[in-house]
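Colleague: 3D model of this:
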Amino acid sequence: MQLFPHFLFFRLQKPTIIFQKVPRIGVFALFLLPLVAWAQDVHFSQYYNTPNYTNVALIGLYNGNAYQRAGLAYRNQWASVPVSYTSATLAFDQQIRLKKIKKNSLGIGLLLLHDEAGDSRMGLTELGLQAAYHQAIAPNQWVSVGAQFGAAQRRYQLQKLTFDNQFNGDAFDPQLGSRENIPSSDFLFLDLGASVGYSWFYNPHTSVEANIGINHLDEPQQSFFNEKAVRLPRRYNFSLRTQFPLADRL
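Modeller: Now for the predicted structure:
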């Protein structure tokens, strides 16, 4: 039996500055208003089992003799509350060896991401095409460059929400309209990403991987009201992973 520790320092996202003007409010309450808000994308605790989602530079790069890889990850958070938060990814990638330069390789991959949260089932579905090039710089060492082209849809289910106008004075009446001016309950957008990385595979049980990536490179528009100023900020990833055996037998 062998034990392999993993270490990761991961995820830094550009802060979104939110300024709020609230008249007739006490000075004490002003300290309760957020000036800087930090958001996050979908994330999984077992990051090392979702390399396609963690960093696109890892596409088609394996420590061993494998040429293909497939994975499924599922997360169900806060299942005890009335509405749980669920996330899932389905990924596949393949390594393509270059005949003229045997130690170099290409990687191609496909990533499907789905996420839902809240009473309205606010959701995100994204399909990403991934590619990476791995350049050998020394025995068992590679420098990688990767990119992702994604098509995504964000949506919610309006019929699952309730509004004040749907109360007739005695009870809730779903036949009454919400009278809310909501142009659309879904929209499509492009999502681009890129990354670079370094990998050292000493043997199948000892390795070091360091990667830097940028997600949402194009800062896609994120508004159901078609407001161009509402954008998804870029997310910068810095990751370091090492694997080595502590002992041959325990």
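
Colleague: Strands of the protein, start to end?
Modeller: 12-13, 16-17, 36-37, 68-77, 85-97, 105-117, 122-138, 141-155, 186-203, 206-215, 235-243 (DSSP state E).

Colleague: Let me know which of those strands is the nearest to Phe167.
Modeller: strand 122-138 (23.2 Å; Cβ to Cβ). C-beta coordinates here come from the backbone N, C-alpha and C atoms, glycine included.

Colleague: List the buried residues for that closest one?
Modeller: By neighbour count, with 16 or more other Cβ atoms under 10 Å as the criterion, the buried positions of strand 122-138 are Gly123, Leu124, Glu126, Leu127, Gly128, Gln130, Ala131, Ala132, Tyr133, His134.

Colleague: export stretch 48-67 as PDB, just CAs?
Modeller: Provided in PDB are the C-alpha atoms of stretch 48-67 (Å, rounded to 0.1, in the frame of the first residue of the first chain):
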ATOM      1  CA  TYR A  48      -7.400  16.200  -8.700                       C
ATOM      2  CA  ASN A  49     -10.300  14.100 -10.200                       C
ATOM      3  CA  THR A  50     -11.400  17.000 -12.400                       C
ATOM      4  CA  PRO A  51      -8.200  18.000 -14.300                       C
ATOM      5  CA  ASN A  52     -10.200  19.000 -17.400                       C
ATOM      6  CA  TYR A  53     -12.100  21.600 -15.300                       C
ATOM      7  CA  THR A  54      -9.200  22.600 -13.100                       C
ATOM      8  CA  ASN A  55      -6.800  23.700 -15.800                       C
ATOM      9  CA  VAL A  56      -7.000  23.300 -19.600                       C
ATOM     10  CA  ALA A  57      -3.200  22.800 -19.900                       C
ATOM     11  CA  LEU A  58      -3.700  19.400 -18.400                       C
ATOM     12  CA  ILE A  59      -5.600  18.100 -21.300                       C
ATOM     13  CA  GLY A  60      -4.100  15.000 -22.800                       C
ATOM     14  CA  LEU A  61      -1.200  14.900 -20.300                       C
ATOM     15  CA  TYR A  62      -0.900  11.700 -18.200                       C
ATOM     16  CA  ASN A  63       1.600  10.300 -15.800                       C
ATOM     17  CA  GLY A  64       1.800   6.800 -17.300                       C
ATOM     18  CA  ASN A  65       1.000   5.000 -20.500                       C
ATOM     19  CA  ALA A  66      -2.600   6.000 -20.800                       C
ATOM     20  CA  TYR A  67      -3.800   7.700 -24.000                       C
END
